[in-house]
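Novice: need coordinates for the following:
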Amino acid sequence: MKRAAFWKKSIFKKTLLILLPLVLLIDGLVLFAGYREVYNATYSHAEEDVSDSANLLKESVSYIDVEKDDKVSDLLEGFCKYTNTTYAYILEADPEKDQLRFLAIDFGKDATEEAKKERYPGVVVSGNEEEEFVDKEMRIALEQPEEGCLRHEKNRFGDTLIYYLRLKEHYDDETQGWVDYDKNIVVGVEISLSNILQSFQNRYNFIVVVTLVLTVAILFVLVFILFRRISVPLQRISRRMREFLTEDRRDFKELPVRGDDEFAEVSRSFNTMAKNIDGYLGSIEELNREKHTREAELNIAGDIQLGLLRPSHAEGEGFRINARMLPAKDVGGDLYDYQILPDGRVFLAIADVSGKGITASLFMSRAVTLLDLYAKMGYSPAHILQEYNNTLAEQNAGNLFITTFVAVYDRKTHELTYANGGHNTPYVLSDTLIPLDGADGIAAGVFAGEEYAEATLTLREGDQVFLFTDGVNEAQNKDGDLFTTETLEEELSRHLGKNSKDLIPDVQERVMGFVNGAERSDDMTMLCFRLTGNEEGTSSGSERKNAAPEVWHKVLHLPADVEQLPLLIDTVGEIPGLTDERKMEMEVMCEEIFVNICSYAYPNGGGEAEITIDVDDRITIIFTDEGIPFDPQDRLPDVETFDHLNTRGGLGRFISFEVADEHSYDYKDGKNVLKLVKYRE
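Specialist: You can find the predicted model right below:
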């Protein structure tokens, strides 16, 4: 194990990984350059061979009449047999018609069967629009017999070098003299270039392998020397450093200092450093203890803060309340509150404490307790703020203040009475967007004895009262731009007359899309109070069972960030007609899939997930992302043999597909599309 760990971290390995590719690259460049040089030389030698063979054949047939003498076939046969020739032939060239006619031909051992079938005495080949047989170079050869014509051709007869020479005359035995041909007689010789180069390639490959083996061997010898002279001393120093960090520092033994090279200097420096660190570590441990204590206190304060808030959803006769508080990383002071008062009225409140940390959290807990108390005592909104302010101002050692909006809705008169203590102006979503700006006052906790104004607005069935903290309208993106109240009003205007279940999730989605992953510095809290009237009155179980299933549709566009998970879970919880058990199953199923997308779909970060929820006689949820292609149905774990301690991934997908009644996957238009179906019953 120690050797394996050493190899994993050793400078020996790193040196080898650096030098080996570098040397191999140099070898490769040298071999490549040598290959090109030898290749060109081989090619040139092949050109000389075909030229010499053509001149030899020309000289051989000069003593016979190739048009009449039958000996030409025997001569060509012997020529091909005892020379490195693939094809040897005599042609008659007709430049005017661009034709070549074979007078005689013979084949060497490398000739193809196709050539033997198509090339024979008497056959005529002609040029076409794309290629001339009697081209410019051959015409020069016909006019100047001594020059010849060299060609490299790749065709169905093979990859060959061809050399043409004009046979201008022949020796006549009868006249004992030389007689000129009255036609263009051409001697042609072809040799197989592919066979020549293949033979060269085989020999060259052997040389390459031998060279690389020798290079690697020499390289390993050099690295071994470096290992003995550098890596071993470094290993000794590293081992002693680990002992210093992992063992009792009082038992630390100084490194031996030998010689005056760099390793000796490192040993001396480490011994000095160890003595200094020994003193520093004690101070650091004390600081860590303090830090962990503070973090634990912050976590407790955050839990207390969330525990003081009402549930995020409540319904009563003629109204529905939805609320959400998304805390920032530090403990803040946002709160929302609501309750049905003893006389049947509905109390609503939202507040935001200045500052962060434990002090703000404690101030917030005191504030929410006072709001509950004064509301239950039946005070009006202005009276609540007055007493609330006086009590907070009398004992405010931290000099904090809290902006607060309170309202009371009378279900008999349909009047909403409200007072504002320095808080963001809420809105009523009715036929139009109505700001509740008629009763502004100072924030609570600053000065005792302040008076607060009240205002009243009559609400109608379907109206929505939207309360929020400045974590919404003052949310910032990475460029420091604010979401702004104007953008919030634009989003609220889109929901005039819509169901309040969609309002808070849609506002949150709009804000999170604007923030786009920037770290939030303030809590974001929202509360929506909607008058439902008789449209959502309760019905008996038998009536629900026999009624047609409610149709519901929702589309979420969420950044692939686990911080968006609460929004998805809340949206799933709003699906109509879910039992508590079915709701929990749906939430587990969606959480596992969404977290899987956030963790693996986008390795470089960023990205978005689209979640479409359709409800009719069944619940269909479609997850779409543009991440790396991956079928989550593949390679699911075997639960019976699953190693929960050492295996990562797969179990969440297995749980999701077990919960779903149907599931399918498709990769379409560059997107992963996962469809999950859950039956209502």
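
Novice: pretty sure residue 112 is touching residue 158, no?
Specialist: Yes - between residue 112 and residue 158 there is a contact at 5.8 Å, judged by Cβ atoms under 8 Å. No exception for glycine: its C-beta is placed from N, CA and C like everyone else's.

Novice: higher neighbour count, these two?
Specialist: With neighbours defined as other Cβ atoms under 10 Å, residue 112 and residue 158 compare such that residue 158 has more, 20 against 16.

Novice: I figured the more buried one hits residue 194, correct?
Specialist: Yes - using Cβ under 8 Å, residue 158 makes contact with residue 194 at a distance of 6.5 Å.

Novice: just the strands in the stretch 151-300 of the chain please.
Specialist: 158-172, 177-192 (DSSP state E, counting those that start in this stretch).

Novice: what residues of the longest one count as buried?
Specialist: Buried positions in strand 177-192, judged by neighbour count with 16 or more other Cβ atoms under 10 Å: 184-192.

Novice: now it against strand 158-172, angle please.
Specialist: With axes from the mean of the first three to the mean of the last three Cα atoms, to 10 degrees as the basis, strand 177-192 and strand 158-172 are set at 170 degrees to each other.

Novice: what helix or strand does residue 666 sit in?
Specialist: Using DSSP states H and E, residue 666 maps to strand 662-668.

Novice: ignore what I typed, I meant residue 466.
Specialist: Per DSSP H and E: strand 464-468 holds residue 466.

Novice: direction included, what does that strand pair against?
Specialist: Strand 464-468 pairs in its sheet with strand 427-429 (antiparallel), strand 524-531 (antiparallel), by DSSP bridges.

Novice: so which of those strands is nearest residue 379?
Specialist: Nearest to residue 379 among the strands paired with strand 464-468 is strand 524-531 (19.0 Å), distances taken as Cβ to Cβ.

Novice: who's residue 529 bridged to?
Specialist: Listed by DSSP bridges, the beta-bridge partners for residue 529 are residue 321, residue 465.

Novice: neighbours around it, how many?
Specialist: Neighbours of residue 529 (other Cβ under 10 Å): 25.

Novice: go ahead and confirm it touches residue 338.
Specialist: Yes - applying Cβ under 8 Å, one finds residue 529 in contact with residue 338, separated by 7.5 Å.

Novice: any residues in contact with both of those two?
Specialist: Jointly contacting residue 529 and residue 338 under the rule Cβ atoms under 8 Å, 6 or more residues apart in numbering are 321, 346, 348.

Novice: isn't residue 411 up against residue 346?
Specialist: Yes - taking contacts as Cβ under 8 Å, residue 411 lies within contact range of residue 346: 6.9 Å.

Novice: who has more neighbours, these two?
Specialist: For residue 411 versus residue 346, the count of surrounding residues by other Cβ under 10 Å is larger for residue 346: 22 against 17.

Novice: show me the contacts for the more buried one.
Specialist: Residue 346 sits next to 316, 319, 338-340, 408-409, 411, 529 when contact means Cβ under 8 Å, 6+ apart.

Novice: how far does stretch 93-112 stretch from start to finish?
Specialist: In stretch 93-112, first residue to last residue: 24 Å (Cα to Cα, to the nearest Å).

Novice: can you give me the buried ones in it?
Specialist: Buried residues in stretch 93-112, counting neighbours by 16+ other Cβ under 10 Å, are found at 93-94, 98-108, 110-112.

Novice: next one: stretch 61-76
Specialist: 61, 64-66, 69, 72, 75-76.

Novice: now the two most distant members of those.
Specialist: Among the buried residues of stretch 61-76, 65 and 76 lie farthest apart (Cβ to Cβ), at 14.5 Å.

Novice: list the contacts for residue 102?
Specialist: Applying Cβ under 8 Å, 6+ apart, the residues near residue 102 are 89-91, 119-124.

Novice: between these, which is closest to residue 386?
Specialist: Nearest to residue 386, judged by Cβ to Cβ, of the contacts of residue 102 is residue 119 at 115.3 Å.

Novice: do you know how far the closest residue to that closest one other than its chain neighbours is from residue 46?
Specialist: Distances taken as Cβ to Cβ, 6 or more residues apart in numbering put residue 105 closest to residue 119, at 5.5 Å, once the chain neighbours are dropped. Using Cβ to Cβ, to the nearest Å, residue 105 is found at 21 Å from residue 46.
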